[in-house]
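Visitor: quick check, what structure comes out for this input:
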Amino acid sequence: MGESPYIKEKAMTIIDAIIQGIVQGLTEFLPVSSSGHLAITQHVTGVAGEGNLFFNVMLHVGTLLAVVVFYHKLIWRLIKEFFRMIGDIFTGKFKWSKMNDERNMIIMLFIGLLPLFILFIPIPGTDMKIKDLADVLSSAQILIVTAVSLMLTSLLLLLGAHFNRKNCAVDFKHMKGRPAGAGGRERYTVLDALCVGVTQVAAALLPGLSRSGSTLAVGEMRGINKQKALDYTFVLGIPSILAAALLEGLDAVKSPEGINVEPLVLAVGVVVSAIVGYFAILLFKWFLKSDKMIIFIIYTALVGVALLVISIIEIMNGTNFFTGQSAALMWV
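Guide: A predicted model of the protein is given here:
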């Protein structure tokens, strides 16, 4: 693969780190795509390059801290139940049909992570693996893929909202005092988990396809209760984000130009993304509970269309719409 198509215009500053930390914190959990918005932010500011790939990973670590703090009680319950389950498996007491909610979630989390191994399949004729396409697409000078992926996010959110209303309508006669919008199944099946896992792989590859939004929508389309689907997708993201951070971190350390961000700047970005991310989770849960997802459906559609128009203009002019830099439609 050739060199990155971007020219490193300037070093990352604390202001850049704060801006990108806010963008990451908001968009990692709100269903608008953190990778897509980071690509847009870097496209607008002209701050990009291999070092920025490492910086992006560290911002994800910040949001990982946010989700661990927010879900610490659930995570602790799952950890304790995991060891009890291991004990039952070795003593022959484990029964699939009698799993409690925690055990069901543990098993389905493992199953939901299995599709991630697709990312490590080599691409024939290259020295790349499928996961490397994420870096190629996110560092593109012209963000057509990001634009289309944002519109796909909007479509998935729309479908998810539709199926959630359908779930609630079907379950209405059984609800008997349950809160509005509480329709849908409380437990995942193997097929549910695999569908969500495959969607997570697609979101890992396509900047602009929201991981939280797309996996939530697929859960709703499979008939899962929307709050249960949201909790599942956030907890599922913990090992995914951690694995991505370790892999990208190792790649950056091995590269002579992989890390070119000052430690203070890096720390500021991580802290900002963690704090903003925590409040973004609160905000997302409120939007979902209040049935106000139409805001994100409209937003991702409008941003996707606007970005598509800008990308077409950039192709025609051969320059970055915002910075005036030369922009060729080259990714490798």
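
Visitor: okay, CA-based contacts and neighbour counts for the rest of this
Guide: Noted.

Visitor: what about the stretch 151-300 of the chain, any weak spots by pLDDT?
Guide: By pLDDT under 70, the weakly predicted segments of the stretch 151-300 of the chain are 170-182, 252-260.

Visitor: again, 90 this time
Guide: Within the stretch 151-300 of the chain, the stretches with pLDDT under 90 are 164-184, 237, 239-263, 265-266.

Visitor: and the next helix or strand past the helix or strand containing residue 18?
Guide: Under the assignment given by DSSP states H and E, the secondary-structure element containing residue 18 is helix 14-29. Next in sequence after helix 14-29, counting helices and strands by DSSP H and E, comes helix 34-45.

Visitor: now do the helix holding residue 18 against helix 34-45, angle only.
Guide: When axes from the mean of the first three to the mean of the last three CA atoms, to 10 degrees is applied, the directions of helix 14-29 and helix 34-45 differ by 150 degrees.

Visitor: go ahead and flag the most central residue of this protein.
Guide: Computing the C-alpha centroid of the chain and ranking residues by CA atoms, centre = their mean puts residue 211 first, at 3.2 Å.

Visitor: look up phi and psi at it.
Guide: phi -70, psi -50 (degrees, to the nearest 10).

Visitor: sorry, back to before: who are the packing partners of the helix holding residue 18?
Guide: Helices and strands touching helix 14-29, by 3 or more CA pairs under 8 Å, 6 or more residues apart in numbering; DSSP states H and E, are helix 34-45, helix 50-70, helix 211-221, helix 263-289.

Visitor: would you map the helices across the stretch 151-300 of the chain?
Guide: Counting by DSSP state H, counting those that start in this stretch, the stretch 151-300 of the chain has helices at residues 190-205, 211-221, 226-254, 263-289, 294-317.

Visitor: returning to what we had before: how about the residue nearest to the centre of the chain: what's its closest non-neighbour residue?
Guide: Nearest non-adjacent residue to residue 211, counting by CA to CA, 6 or more residues apart in numbering: residue 203, 5.1 Å away.

Visitor: do I have it right that the one you found meets residue 209?
Guide: Yes: taking CA atoms under 8 Å as the contact criterion, residue 203 and residue 209 are neighbours in contact, 5.1 Å apart.

Visitor: so which of these two has more stuff around it?
Guide: A count of neighbours by other CA atoms under 10 Å puts residue 209 above the other of residue 203 and residue 209, at 32 against 23.

Visitor: separation between that one and residue 301?
Guide: Separation of residue 209 from residue 301 (CA to CA, to the nearest Å): 12 Å.
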